[in-house]
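A.B. asks: okay, predicted coordinates and the sequence, questions at the end:
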Amino acid sequence: MRFSYFVLRRWLYSILVLFGLSILIFIIARMLPGDPARLALGPFALQEQVEHLRHVMGMDKPLPLQYWTYITGIFHGDFGLSFQTRRNVALDIAHYLPATVELVLMAIVWVLVLGVPLGVLAARYKDSWVDNLVRVMAFIGVAVPPFVVGLFLQLTFSYLLGILPTTGRLSLMTPAPPLRTGLLLLDSLIEGDFSALGDALKHIILPSFAIAMTGIGQIARLTRASMSDVANQDYIEASRGFGIPNRVIAFKYMLKPASIAPLTILGLTFASELSNAFLVETVFAWPGLAKYGIRAILRKDFNAVMGVVLIIGLAFVIVNLIVDILAGYVDPRIRIKHEEGE
Amino acid sequence: MEEKAILDIRDLHVWFRVYEGVSRVLDGVSLYVRGGEHVGLVGETGCGKTVAMKTAMGILRSPPALFPQGQVLLAGRDVLKAAPIELLRMKGKTISMIFQDPLSALNPVFTVGQQIFDVIRFGHRWIRDDGALTKTKVRGIAMEALTSVQLPDPRRILSLYPLELSGGMRQRVLIAMALVNRPRFLIADEPGSALDVTIQAQILSLLKSLVKEAGIAVLLITHDLGVVRETVERVYIMYAGRVVEEGQTVEIFDDPKHPYTQGLLSSVPRLTGEALAEGIPGTLSDYTEAPSGCRFHPRCPQAMEKCAQQKPPMVKVSTKQHVACYLYHGGGG
């Protein structure tokens, strides 16, 4: 099957993109004004100490060589040392990444269980109050910055109603489940620890929803447009003419072609959720990679910044690859076009 | 009114609610098709042919469509009043249609097989005496149907997506789908008009032989007078949502009565003709503000005062020819 070549080629392109990204972020990190070694040691350190650190970090070598050392290190799992934590960045990432992954996955769940059905409803009851309500909600979701949504949610559900916690991933009194995947929901489920599961769920609802707002709005609007577009197609009329029951038309003959556009946009939704996470994690004191990354940027911890950027880039590449494969699976036009276009 | 009419449309009005008000697209259309009969419905684009057909199929969306008056009897049952399940039964057993554009009438994300299997499965529920429908049987019926429309290698075609087929092949697949449940009546909306002329000719002759063989009644909707002359026995001429003339094909072509029909026939370019075809001046009217009286009167070369005031009723001009024009109301009064 030639579609696999298409996927393979996308993979190769993606790897190139990651290389480009690594060079770009490397140069930016080194070009920025301010000496990371001086920042790490503080204003009172002696010039010799600073020089020594620069030497230890390899910063006295020419840039291409530094890049080479960095990139070969990555292949051995060495992302360089972080100035703030004094640990290898790889360890930090392993420590902080699962929290962010969990948050973003949860946000994707929100988008799918709220965005898609809202879009379908709006298309079904086009131009009615349901449609208008969904449209207004979608606009709000796209227009209001996610950290504002986060603050608003905290104010309403934590402060006024007092039913959901404000910050963190677990309550202080709840023992964390044994570390397996680092995703608390999954770990507590594997362990069968339902009190931890419930507690983790309570904590994740607000931040994940704040992150998902943009995506819910985008996907709802796109699903609506896509569904009503498909409803007007000749082939749907033809299906009705051939005596196919309405139920089968809606859930088979309409839903499949209508799902293509939202599906392809899902990769972008994922990207917007990741960027939303940067501020939302700070608002909710969520100990994730985005929060770690923000701190790294502010303190010019350039190994950490580069590590975070590369990991996020990798996640982005993987998600988009999955989306490509799914879209090719749903839409034969994509698949066949690439099979013929060789 | 005919005893054995399979389709009997009586004084059908179809309106559409649009932004500017109400668009009165069909304004009292009456026509019938008897069992086994081949009838043509002719008119220029936008005259309401397709609306009439979709109403007969029960697939016109309402709203925006409104049916203030009239009946559409399909094998004696009123389509406009039928319950959804009843409509499905009619589509499975009695009526089927061929759509105008084969390129857009097949769902692009399902294989030909998936689509035709569903048509068989949902149509077959209504045929009681045929026993249980197994997967192999459905497949067999589908292959047979594809073979009957002269598609080579039907097994392979079942596994292909529409965009892997040419326009002509897609049209054949659609014909196969339309006929697979052995309907008694077929509406064909400009079959093949989206294809090039040689393919269209092949499609039409194929269709002709298939319906003849199975004794299926056909309502052929077209603006192509050449096709009409070759294929149908009786013809209705439509203008702006009304039937203006009806009669045997031969009669209408030899002796058209209505000024619109005359204009229509004279606008056909002839190979032997000395000059270019004449055509009819003016354009089709706007349905929200349709002309009063006879809707053709603003373009009619023989318009009289009366024409603008009152809708002319159908009158009999010979045993089998009817026309809606005041020119034939007792010596042109």
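C.D. replies: Great, that's in hand. Just so you know, these numbers come straight off a predicted model, no measurement behind them.
A.B. asks: where does the residue in the stretch 1-150 of chain A that chain B sits nearest to land on pLDDT?
C.D. replies: Of all residues in the stretch 1-150 of chain A, residue A:127 sits closest to chain B, at 10.5 Å by C-beta to the nearest C-beta. Just so you know, the C-beta spots here come from the backbone N, C-alpha and C atoms, and that holds for glycine as well. Per-residue pLDDT puts residue A:127 at 81.
A.B. asks: now residue B:127
C.D. replies: pLDDT, the model's per-residue confidence, is 62 for residue B:127.
A.B. asks: equivalent analysis for residue A:14, please.
C.D. replies: Per-residue confidence at residue A:14 stands at 84 (pLDDT).
A.B. asks: check the chain for its longest helix and report it.
C.D. replies: Reading this off chain A. Ranked by number of residues, the top helix in chain A under DSSP state H is helix A:194-231.
A.B. asks: I was thinking of chain B, sorry if that wasn't clear
C.D. replies: The helix of greatest length in chain B, counted in residues with DSSP H as the criterion, is given as helix B:197-214.
A.B. asks: and that one, how far out from the chain's middle?
C.D. replies: The chain centroid and the centroid of helix B:197-214 are separated by 16 Å under C-alpha atoms, centre = their mean, to the nearest Å.
A.B. asks: got the residues of the stretch 151-300 of chain B near chain A?
C.D. replies: If contacts are counted using C-beta under 8 Å from any C-beta of the partner chain, the residues of the stretch 151-300 of chain B sitting beside chain A are B:161, B:163-164, B:174, B:177-178, B:181.
A.B. asks: would you mind writing the PyMOL command to select the buried ones in the residues you listed?
C.D. replies: Those of those that count as buried under 16 or more other C-beta atoms under 10 Å in any protein chain shown are selected in PyMOL with:
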select buried, chain B and resi 161+164+174+177+178+181
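A.B. asks: give me the pLDDT for residue B:304.
C.D. replies: 78.
A.B. asks: nope, residue B:276 is what I meant
C.D. replies: According to the predicted model, the pLDDT of residue B:276 comes to 57.
A.B. asks: how about the strands in the stretch 101-250 of chain B?
C.D. replies: B:185-189, B:217-222, B:234-239, B:242-248 (DSSP state E, counting those that start in this stretch).
A.B. asks: low-confidence regions, the stretch 151-300 of chain B specifically.
C.D. replies: Applying pLDDT under 70 to the stretch 151-300 of chain B picks out residues B:269-279, B:283-285.
A.B. asks: repeat for the stretch 1-150 of chain B
C.D. replies: B:1-3, B:125-132.
A.B. asks: equivalent analysis for chain A, please.
C.D. replies: Of all residues in chain A, those with pLDDT under 70 make up the ranges A:1-2, A:337-342.
A.B. asks: mind giving me the domain split of it?
C.D. replies: Annotated domains of chain A cover A:3-75, A:94-340 [automatic domain parsing].
A.B. asks: which of the ones you listed is buried the deepest?
C.D. replies: Across the domains of chain A, the average number of neighbours (mean count of other C-beta atoms under 10 Å in any protein chain shown) peaks for domain A:94-340, which reaches a mean of 19.
A.B. asks: list the beta-bridge partners for residue B:18.
C.D. replies: Listed by DSSP bridges, the beta-bridge partners for residue B:18 are residue B:21.
A.B. asks: which SSE is immediately downstream of the helix or strand encompassing residue A:18?
C.D. replies: Taking DSSP states H and E as the definition, one finds residue A:18 inside helix A:3-31. Once helix A:3-31 ends, the next helix or strand along the chain (criterion: DSSP H and E) is helix A:36-41.
A.B. asks: helix or strand for the residue of the stretch 51-200 of chain B found nearest chain A, which one?
C.D. replies: Residue of the stretch 51-200 of chain B nearest chain A, by C-beta to the nearest C-beta: residue B:91 (3.2 Å). Assignment of secondary structure by DSSP H and E places residue B:91 within helix B:84-93.
A.B. asks: again, but for residue A:67
C.D. replies: Here residue A:67, judged by DSSP H and E, is contained in helix A:63-75.
A.B. asks: give me the angle between that helix and helix A:3-31.
C.D. replies: Note on geometry: by axes from the mean of the first three to the mean of the last three C-alpha atoms, to 10 degrees, helix A:63-75 and helix A:3-31 are set 130 degrees apart in direction.
A.B. asks: send the alpha carbons of helix A:63-75 over as CSV?
C.D. replies: What follows is helix A:63-75, C-alpha atoms only, in CSV (Å, rounded to 0.1, in the frame of the first residue of the first chain):
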residue,chain,number,x,y,z
LEU,A,63,29.1,27.6,18.0
PRO,A,64,29.0,24.7,15.5
LEU,A,65,31.0,22.5,17.8
GLN,A,66,28.8,23.4,20.7
TYR,A,67,25.7,22.5,18.6
TRP,A,68,27.4,19.2,17.6
THR,A,69,28.1,18.3,21.2
TYR,A,70,24.5,19.2,22.1
ILE,A,71,22.9,17.2,19.4
THR,A,72,25.0,14.1,19.8
GLY,A,73,24.3,14.3,23.5
ILE,A,74,20.5,14.3,22.9
PHE,A,75,20.9,10.9,21.2
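A.B. asks: same for the helix or strand just after that helix, what does it pack against?
C.D. replies: Scanning forward in sequence from helix A:63-75 by DSSP H and E, the next helix or strand is helix A:89-110. When contacts are defined as 3 or more C-beta pairs under 8 Å, 6 or more residues apart in numbering or on different chains; DSSP states H and E, helix A:89-110 packs onto helix A:184-191, helix A:194-231, helix A:260-283, helix A:289-298, helix A:302-330.
A.B. asks: and helix A:89-110 with helix A:184-191, angle?
C.D. replies: Computed by the same axes, to 10 degrees, the angle between helix A:89-110 and helix A:184-191 is 90 degrees.
A.B. asks: what angle do helix A:89-110 and helix A:260-283 make?
C.D. replies: Computed by the same axes, to 10 degrees, the angle between helix A:89-110 and helix A:260-283 is 120 degrees.
A.B. asks: can I get the strands of the stretch 101-250 of chain B in TSV with mean neighbour count and distance to residue A:142?
C.D. replies: Written out in TSV, the entries for the strands of the stretch 101-250 of chain B read as follows (neighbours: other C-beta atoms under 10 Å in any protein chain shown; distance: least, C-beta to C-beta, whole Å):
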stretch	mean neighbour count	distance to residue A:142
strand B:185-189	25	42
strand B:217-222	25	45
strand B:234-239	25	48
strand B:242-248	24	50
